[in-house]
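*Asks:* would you be able to build a 3D model of this:
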Amino acid sequence: MKKEKSSKSVAVVIANWNGKKVLEKCLKSLQKQTFSDFDVYVVDNGSEDDSCQMVEENFPKVVLIKLSRNTGFAKANNIGFRQAIKKQAQFLKYICPLNNDIELAENYLEELVRSAQKYQQKENKNFGILAAKLLFFYERDRITPLEQLFFLMAVEWREVFGKKIRANMKKRLKFLGAVERLFCITLKCSRPFLSKTKKAKNVFLMKTFLLTMKIWILISVLVWLALEPFMFPRQ
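*Replies:* From the prediction side, this is the model:
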């Protein structure tokens, strides 16, 4: 049987593995979107918690892609992307990957698409990625620490928060800015080492360096998560 084509302009791709409870909330929030020109693809990594059955029974319009085993987050997303490109063909303009444990605001997709179109019209050029702010699930007036860091590294903070910024947000951003600068300095100092390692083709040294950088990033994030509530208490 031939697979039906779709003329939707947006594809929402969700990778899932044993996330039945959170996935259901995510899909329900997609049903409430004010924007309707999108298809949803759930790529299931061989779940054993009846995730697939829940999707088939409660969300018949969702394109469910069943995998026989857990292929990992990245591969599952790539499978979903390829299916969306194949199904929506020339009509597809944007792909929106989502974690299965996210609950969206009702205007989420509408605002993303509007922002994308506004940017393309204003700058007259394409862009690679567009992101929304991410809030704590149980404290929805707080931006998650990692999201603050991503915002800081991506754009000027004034453009994101404007004049409505909370009083202590400036302190948060200065702290994160210091962390980012320290990381950049570390990378800059490592360039000569990387250059020599490349010329010498010393794979062991290269792997050791990359592992060290990953550990450094992990420690920085963990320290931030541990100290953030004490350094910047809620107002």
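
*Asks:* report the contact partners of P97.
*Replies:* The contact partners of P97, by Cβ atoms under 8 Å, 6 or more residues apart in numbering, come to 12-15, 77, 80-81. Heads up, the C-betas are built off the backbone N, CA and C, glycines and all.

*Asks:* helix, strand, or coil at V13?
*Replies:* strand (DSSP: H, G, I helix; E, B strand; the rest coil).

*Asks:* which residue ranges of this structure form helices?
*Replies:* 20-31, 51-58, 73-88, 108-123, 145-154, 157-161, 169-200, 203-231 (DSSP state H).

*Asks:* number of residues surrounding L92?
*Replies:* 20 (other Cβ atoms under 10 Å).

*Asks:* make 8 the first number, not 1, from now on.
*Replies:* All right, first residue 8 from here; so that's L99.

*Asks:* show the contacting residues for it.
*Replies:* 15-18, 91-92.

*Asks:* what's the end-to-end length of stretch 70-80?
*Replies:* End-to-end distance for stretch 70-80, by Cα to Cα, to the nearest Å: 17 Å.

*Asks:* average pLDDT across that stretch?
*Replies:* Per-residue pLDDT over stretch 70-80 has a mean of 94.

*Asks:* and it, which residues are buried?
*Replies:* 70-72, 74, 78 (16 or more other Cβ atoms under 10 Å).

*Asks:* same question, stretch 49-63
*Replies:* 49-54, 58-59, 61-62.

*Asks:* what's the distance between D57 and E64?
*Replies:* The spacing between D57 and E64, counted by Cβ to Cβ, to the nearest Å, is 9 Å.

*Asks:* L225 now?
*Replies:* 40 Å.

*Asks:* go on, F45?
*Replies:* F45 is 21 Å from E64, by Cβ to Cβ.

*Asks:* then K32?
*Replies:* Taking Cβ to Cβ, one finds K32 at 16 Å from E64.

*Asks:* pick out whichever of these two has more residues nearby.
*Replies:* Higher neighbour count among K32 and E64: K32, with 16 against 9, using other Cβ under 10 Å.

*Asks:* spatially nearest residue to that one (excluding sequence neighbours)?
*Replies:* Closest residue in space to K32, ignoring its immediate chain neighbours: E110 at 5.2 Å, by Cβ to Cβ, 6 or more residues apart in numbering.

*Asks:* tell me where the model's unsure across this structure.
*Replies:* By pLDDT under 70, the weakly predicted segments of the chain are 8-10, 130-134, 149-214, 217, 228, 231-242.

*Asks:* tell me the domain boundaries of it?
*Replies:* Domains of the chain are assigned by automatic domain parsing as 17-136, 140-242.

*Asks:* can you get me the start-to-end distance on the longest one?
*Replies:* In other words, domain 17-136. Taking Cα to Cα, the first and last residues of domain 17-136 lie 14 Å apart.

*Asks:* just to revisit the earlier point, which one of the buried residues of stretch 49-63 is nearest to R121?
*Replies:* Taking Cβ to Cβ as the measure, V49 is the one of the buried residues of stretch 49-63 closest to R121, at 25.3 Å.

*Asks:* pretty sure the closest one is in contact with V70, am I right?
*Replies:* Yes. Under the criterion of Cβ atoms under 8 Å, V49 makes contact with V70 at 7.2 Å.

*Asks:* I224 and V230: what is the separation?
*Replies:* Taking Cβ to Cβ, one finds I224 at 11 Å from V230.
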